[in-house]
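> pasted the sequence and its predicted model underneath.
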Amino acid sequence: MAVKKEITESQMEQEVASFASILAQQPKRKVKLHLPYEEFVRLSQLEKAGKTVNWPYETVSINGYNFYLQLGKECEVPESVYEGLQNAHLV
C-alpha cells in the first residue's frame, strides 16, 4: 500500500517549475490539433479582416504544467507532450 505524502503549495510550485525546465530541454515536435474546416475558414476570415479572434484551444496538462494549444494552428510542443497527445489519439 502506498503511503500518502502531503506537500505544501510551495513544494508543488517548485516541482512544477522543475518539470518546466525538463520540458524546455526536450526536443520539440510540431502538432496541429483538429478544428472543423468550416470553423477554421470562418476564424481565418475574421482574422484577415483585422478582427480579434479567440481561437478555440485544448488544455494539455503534464505533471502540473499546462499547455494551451490552439485548434487548427500548428504549434511546437515538447516530445513528452506530443507522446501524450498521441496516446490520446489527438495527433
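Looks like it came in fine.
> just give me the residue right at the centre of this structure.
Phe67 (2.9 Å; CA atoms, centre = their mean).
> direction included, what does the helix or strand hosting that residue pair against?
Here Phe67 is covered by strand 65-70, with elements defined by DSSP states H and E. As defined by DSSP bridges, the strand partners of strand 65-70 come to strand 57-62 (antiparallel).
> roughly how far is the strand it pairs with from the heart of the chain?
Here strand 57-62 shows a centroid-to-chain-centroid distance of 4 Å under the convention CA atoms, centre = their mean, to the nearest Å.
> returning to that earlier point: what are the pairing partners of the helix or strand that the strand holding Phe67 is followed by, and which direction each?
Towards the C-terminus, the helix or strand next in line after strand 65-70, according to DSSP H and E, is strand 74-78. Here strand 74-78 is paired, per DSSP bridges, with strand 28-32 (antiparallel).
> where along this structure do the helices fall?
Listed in chain order, the helices found in the chain under DSSP state H are 9-25, 37-48, 79-87.
> for Gly72, find the nearest of these.
Comparing these by their distance to Gly72 (CB to CB), the top pick is helix 37-48, with 4.5 Å. Glycine gets a C-beta too; all of them are placed from N, C-alpha and C.
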